[in-house]
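# When you get a sec, could you give me coordinates for this:
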Amino acid sequence: MLQTLFRKKKYTEDTLANVFVNNLITSVDDSFEDVADLLKSDPEFESIPHFSSTDSDRFLMVVIVGNLNFLSRYFSTAEEQLLRKCIVRKLAKVFGTTYDEFKGHIENYEDFMWRINHPSNNVLYGMSKTVFYKYNLAQFQDEYFREMKAPNPILLKRLDDIMRNYVWDWDAYLAKIKLVTP
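Numbers count the residues shown, from 1 in each chain. Okay, here's the model as predicted:
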């Protein structure tokens, strides 16, 4: 009995991708309204940003892309490629598109994230800046930052705090499971 208590569950990349995709989508669906409310009430804005119920799609894409970029820290190159492919395939199915179309959409978001975050390699910071630019939040800031079209550092710090909640905790998860590849 003790042996089964301390043994990790074995997950294939397909099972792990299912858990990953379902949890990311559920967490964004369940909390985007709260994120929008936090941003609407942020004191760094001179006017209130506008969000609609369909605005969660961009946020979800930022969360997906950011989390995909963390995979290389926890998996070998071969495991990462296999898992990433499986995740993209599942996401394409969820969004009713082809694998290649969704992969291209992810690559566009990744390119955008790295371009606006350059020269930093901090993924969390990149996620926050991507949210800022994808939602055109510059227009709601005071005149100085609005004209610079750059995020107020205080606002960016708050976005970092929000985005931190959407980063998959691989350390905790991998303590319970083991990825097995065929």
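
# what comes up buried for stretch 64-75?
Of the residues in stretch 64-75, 64-69, 71, 75 count as buried by neighbour count, 16 or more other CB atoms under 10 Å. For glycine as for every other residue, the C-beta is placed from the backbone atoms N, C-alpha and C.

# Dead centre of the chain: give me the residue that sits there.
The chain has residue 63 as the residue nearest its centroid, 1.4 Å off, counting by CA atoms, centre = their mean.

# Contact partners for that residue?
24, 27-28, 127, 163, 166 (CB atoms under 8 Å, 6 or more residues apart in numbering).

# quick one: which of those has the most company?
For the contacts of residue 63, the largest neighbour count, defined by other CB atoms under 10 Å, is 26 neighbours, found at residue 127.

# what about the helices in this structure?
2-6, 13-40, 56-70, 77-94, 99-117, 123-134, 143-148, 153-164, 170-174 (DSSP state H).

# tally of neighbours for the residue nearest to residue 92 when sequence neighbours are not counted?
Nearest in space to residue 92, with sequence neighbours left out and distances taken as CB to CB, 6 or more residues apart in numbering, is residue 102 at 3.7 Å. Neighbour count of residue 102, defined by other CB under 10 Å: 20.

# Number of residues surrounding residue 157?
Number of residues near residue 157 (other CB under 10 Å) recorded here: 13.

# Just list the residues touching residue 175, thanks.
residue 8.

# For it, give me the pLDDT.
Residue 175 carries a pLDDT value of 91.

# Ok, residue 6 next?
Residue 6 is assigned 64 on the pLDDT scale.

# likewise residue 45?
97.

# list the contacts for the closest residue to it other than its chain neighbours?
Closest residue to residue 45 apart from its sequence neighbours, by CB to CB, 6+ apart: residue 140 at 4.3 Å. Neighbouring residues of residue 140 by CB under 8 Å, 6+ apart: 45-49, 146.

# Let me have the residues you listed in CSV, adding distance to residue 59 and neighbour count as columns.
CSV is the format used below for the contacts of residue 140 (distance: CB to CB, whole Å; neighbours: other CB atoms under 10 Å):
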residue, distance to residue 59, neighbour count
45, 17, 18
46, 22, 12
47, 20, 9
48, 17, 11
49, 12, 17
146, 22, 16
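
# Could you identify the most distant pair in these?
Greatest spatial distance among these (CB to CB): 48 and 146, at 14.3 Å.

# any idea how far the nearest residue to residue 155 once chain neighbours are set aside is from residue 31?
Using CB to CB, 6+ apart and skipping residues adjacent in sequence, the residue nearest residue 155 is residue 44, 4.3 Å away. The gap separating residue 44 from residue 31 is 21 Å, by CB to CB, to the nearest Å.

# what about residue 39, how many neighbours?
Neighbour count of residue 39, defined by other CB under 10 Å: 22.
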